[in-house]
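J.: heads up, no residue letters with this:
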């Protein structure tokens with residue numbers, strides 16, 4: 001991972017929420033929130049909340065007495081999330097590093113993380129922190145993307161950008177969002193952190209958009225992939241987005257597009 005992989009700032013939060021959330025995150029947020037709600041937690045911690053797609057899903061599933069603390073490393077993402085749910089008094093918003101949580105031991109019944117652990121520089125430390133703040137019998141629920149070849153739009157965009165920058169292709173999507181998918185490694189890391197009773201389930205879905213330009217914009221301008229493109233040549237961001245859209249159109253046509261997405265959903269007990 002490079003430093004810019006964790007930087008969600010500038011126009012990224014707005015584009016992320018507008019395009020990427022409905023494209024790939026909403027269905028998995030509903031799935032994860034449903035699993036977490038079945039544990040009937042009173043106090044819930046969310047790490048790497050982003051623009052709040054899982055927070056919203058949790059709020060719709062949990063009862064009035066539940067308390068949700070939503071955290072993220074990037075304050076601009078958290079600000080965007082809070083603006084959409086500022087009226088829900090069950091939710092507390094805190095800027096926090098998932099690897100050094102500012103909470104006492106055994107403060108929560110459940111911890112949830114929607115596609116965030118891939119961004120932890122030290123995943124075992126992040127898991128140790130989740131374990132530390134869980135009460136006995138508490139559950140940790142999170143998901144990670146499968147390898148990039150199982151996720152059509154991300155794979156095609158990555159290949160298209162390799163053609164735009166052949167001498168130094170941007171590899172953010174393969175390196176980070178799709179870089180932590182080995183089930184044995186995930187189990188080993190959770191075990192090293194002290195978790196037991198780990199379950200891992202593959203969940204496939206479809207990613208749909210009205211046109212090829214929307215997923216191209218989502219990935220090229222609504223994720224830290226934008227930082228990689230701009231670092232190579234800030235004047236070529238629109239060109240790169242256009243090339244990604246053309247590659248998607250070549251595969252799926254110029255109308256509505258529909259591609260595979262696949263992730264792993266993990267639950268672990270304290």
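T.: On my side now, so go ahead. Since we're looking at a predicted model, the values are computed, not measured.

J.: out of everything not next to it in sequence, what's closest to residue 57?
T.: Nearest non-adjacent residue to residue 57, counting by CB to CB, 6 or more residues apart in numbering: residue 33, 3.6 Å away. (C-beta placed from N, C-alpha, C; glycine too.)

J.: packing partners for the helix or strand where the one you found lies?
T.: Using DSSP states H and E, residue 33 sits within helix 26-38. Helices and strands touching helix 26-38, by 3 or more CB pairs under 8 Å, 6 or more residues apart in numbering; DSSP states H and E, are helix 53-61, strand 108-114, strand 134-145, strand 196-209, strand 257-269.

J.: quick one: the second one to helix 26-38, angle?
T.: In this case it means strand 108-114. Counting by axes from the mean of the first three to the mean of the last three CA atoms, to 10 degrees, strand 108-114 lies at 170 degrees to helix 26-38.

J.: Show me what strand 108-114 is in contact with.
T.: Strand 108-114 is contacted from outside by 25, 28-29, 32-33, 36, 39, 41-50, 53-54, 58, 69, 98, 130, 133-135, 138-143, using CB atoms under 8 Å, 6 or more residues apart in numbering.

J.: Selecting buried members of the residues you listed in PyMOL, what would you type?
T.: Per 16 or more other CB atoms under 10 Å, the buried members of the contacts of strand 108-114 correspond to this PyMOL selection:
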select buried, resi 25+28+29+32+33+36+39+41+43+44+45+46+47+48+49+50+53+54+58+69+98+130+133+134+138+139+140+141+142+143
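
J.: what's the average pLDDT for the host helix or strand of residue 77?
T.: Residue 77 is part of helix 75-84 when elements are defined by DSSP H and E. This predicted structure assigns helix 75-84 an average pLDDT of 92.

J.: Quick check: next helix or strand after that helix?
T.: Going down the chain from helix 75-84, the next helix or strand is strand 91-95, by DSSP H and E.

J.: Please identify the pairing partners of that next one and their relative orientation?
T.: Sheet pairing for strand 91-95, assigned by DSSP bridges, gives strand 67-72 (parallel).

J.: And the residue nearest to residue 136 when sequence neighbours are not counted, how close does it get to residue 139?
T.: In space, residue 136 comes closest to residue 270 once its chain neighbours are excluded; the distance is 6.1 Å by CB to CB, 6+ apart. Distance check for residue 270 against residue 139: by CB to CB, to the nearest Å, it reads 7 Å.

J.: go on, residue 73?
T.: Distance, residue 73 to residue 139, using CB to CB: 23 Å.

J.: Deepest in the core, which of the helices and strands packed on helix 26-38 is it.
T.: Comparing the helices and strands packed on helix 26-38 by mean neighbour count (mean count of other CB atoms under 10 Å), strand 108-114 comes out on top with a mean of 27.
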